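Engineer: sharing a model that was predicted from the sequence below.
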Amino acid sequence: MKILVILGHPKTGSFNHVLAETAVQTLRELGHEVLFHDLYKEQFDPVLPTDEEKLDESELPEFLRQYLAELRASQGLIFIHPNWWGGPPAILRGWIDRVFRQNSVYNFTPNGPVSYIGDKIVQIFSTSNTPRDIEVKMYGDPVENFWKVIVFGLLGSKSFERRNFESIILSTPDERRLWLDEVKTTIRQRFPFS
């Protein structure tokens, strides 16, 4: 399988980076082809230029066409990011704005939205400092809603899962080791060797 892995965290050496390294290594051990992008390292520009939405896909910059080609070719998607103010960082939101384009990735029809990318296995690994019960009771888990309902609900993905690790700021090295073991187990279960 080809698996597209997108990391959205600015600090090299962060737990998000370790999550990404663990996911990529586990996927490769399983024999998958990994298409990995660290958006900060690549200096991805999240700002959608004024007229970019109007461009034909063939007129897009090469790096956007590459992302689109990899998105279409992949059987699975993994996003890794912190929860900042109830959502992914701006760089990842901007990636969604610029890559998940209308007419390229989806469209609207009289019968509702139509996805052009197929039903991919989608895995989100996110981190936060807010305790889980507060995130759900007070805020309604906005990160889950964003990914599961707004993005992949519209795209018709039926194989969606998200795991949030919290509280990062209070976590111990032992807790983090257990979380990394959980990432390995999740990857092996959701992306088995085929």
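Structural biologist: Done, it's in. Predicted, not measured: the structure shown is a model, and the values here were computed from it. Numbering: from 1, shown residues only.

Engineer: contacts for the helix or strand where residue 178 lies?
Structural biologist: Per DSSP states H and E, residue 178 falls inside helix 173-190. Outside helix 173-190, the residues that touch it by Cβ atoms under 8 Å, 6 or more residues apart in numbering are 15, 18-19, 22-23, 26-27, 30, 76, 121, 123, 125, 159, 161, 163, 165, 171. (Each C-beta comes from the backbone N, C-alpha and C, glycine too.)

Engineer: please redo it, this time with the cut-off set to 7 Å
Structural biologist: Residues outside helix 173-190 that contact it (Cβ atoms under 7 Å, 6 or more residues apart in numbering) are 15, 18-19, 22-23, 26-27, 30, 121, 123, 125, 161, 163, 165.

Engineer: secondary structure added to these, as JSON lines?
Structural biologist: As requested, the contacts of helix 173-190 are exported to JSON lines (DSSP: H, G, I helix; E, B strand; the rest coil):
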{"residue": "15", "secondary structure": "helix"}
{"residue": "18", "secondary structure": "helix"}
{"residue": "19", "secondary structure": "helix"}
{"residue": "22", "secondary structure": "helix"}
{"residue": "23", "secondary structure": "helix"}
{"residue": "26", "secondary structure": "helix"}
{"residue": "27", "secondary structure": "helix"}
{"residue": "30", "secondary structure": "coil"}
{"residue": "121", "secondary structure": "strand"}
{"residue": "123", "secondary structure": "strand"}
{"residue": "125", "secondary structure": "strand"}
{"residue": "161", "secondary structure": "strand"}
{"residue": "163", "secondary structure": "strand"}
{"residue": "165", "secondary structure": "strand"}
